[in-house]
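> quick one: sequence and predicted model below, then my questions.
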Amino acid sequence: MKHYVLAASLLALAACGSPKPESAPAEAPVAETPPAQTLLMPLPTDTTAAITAGDLAERIKTLADDTFEGRGPGTPIGEEAATWIGAEMARIGLKPGGDDGTYFQKVAMVNQTIEPEQSFLTFTAPDGTEMPTVLKQDSVIWTKHQDSTTISFAPSDVVFVGYGVDAPEYGWDDYGDQDYTGKTVVILVNDPGFATGDPELFKGKSMTYYGRWTYKYEEAARKGATAAIIVHETEPASYGWDVVKNSWSGAQSDLVREDGGADRADLEGWVTRAMAEKLFASAGLDFEAMKTAAKTRGFK
């Protein structure tokens, strides 16, 4: 396909403490299980150590209560939810298996949030026309790099790689023998089996790991891509754009990475189908036709 240029992009991160693994926020001391009266929500009185549907429903109902505000990792209310779980474990007599004889285990994590005023993703068509994306409306972007508070890269060729799958066991390789070092790859969501409905291709309508966004970003990085962007479509994703927008535009929690995220592409993200259609048209391509072509083995 014709390449179009990705304008230099700046992704500024505001992290909780430092995003660098070697200077991650100090770990809080492991808390002892508190008295029941200090909990945000009361403990149940009739659950047991047995695994029953009724007991699980009771606990899920409590933890899903608005009082816990979604139980965000590392947030004060998220810690309160963990404390409640520890107290419930103690109440039903489970033996502690955590750090220092408690029900808790220390986990080093980082929160990263892009600064919208300083962050942008802009495409440039072959004729030089700039096509900026509006964050949350057209695109959602982030980075898994923890080794810097600012991520930017030079203009990059953009390549459509179909479903972005390299699956030897299925005889499928969307990347082929091309060199993707320093390029931006645009990827379809889900996998070819879902697209064709062929039960003999991958696992048919059942999504394999190759259809997951986690795999697609990881594989793009392994191929040397600077940026990896998935085109959102509701049916193959199984959720609407609002889910993408709301899930990825706020603070993103991640485990501290030993390499500071150096093994990931500089930029990861999503664009809407409407934005993808505009990009493809600017390169003289029809998105739907290219999507159809990507269903076939050997697509390039």
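Sure thing, it's come through.
> for the rest of this, base every contact and every neighbour count on C-alpha atoms.
Will do.
> surely D198 and G204 touch.
Yes - when contacts are counted by Cα atoms under 8 Å, D198 is listed as touching G204 (5.1 Å).
> quick one, which of those two is more surrounded?
G204 (17 against 13; other Cα atoms under 10 Å).
> quick one, domains of the chain?
53-107, 112-295 (the TED database).
> so which elements touch the strand or helix carrying I229?
Secondary-structure assignment from DSSP states H and E places I229 in strand 227-232. Secondary-structure packing of strand 227-232 (3 or more Cα pairs under 8 Å, 6 or more residues apart in numbering; DSSP states H and E): strand 184-188, helix 213-222, strand 267-272, helix 273-282.
> if you average pLDDT over it, what comes out?
Averaged across strand 227-232, the pLDDT comes to 97.
> near A49, how many other residues are there?
When counting by other Cα under 10 Å, one arrives at 12 neighbours for A49.
> so T62 sits against M41, correct?
Yes - at 7.3 Å, T62 and M41 qualify as touching, with contact defined as Cα under 8 Å.
> what about the chain, any weak spots by pLDDT?
1-37 (pLDDT under 70).
> 50 instead?
1-31 (pLDDT under 50).
> which residue ranges of it form strands?
5-6, 9-15, 109-114, 122-124, 130-132, 139-142, 150-153, 156-160, 166-167, 172-173, 184-188, 227-232, 252-255, 267-272 (DSSP state E).
> show me what counts as buried in stretch 265-280.
265-273, 275-276, 278-280 (16 or more other Cα atoms under 10 Å).
> what about it, distance to the chain center?
Here the centre of stretch 265-280 is set off from its chain's centre by 15 Å, with Cα atoms, centre = their mean, to the nearest Å.
> same thing with stretch 264-282?
That offset, for stretch 264-282, works out to 16 Å (Cα atoms, centre = their mean).
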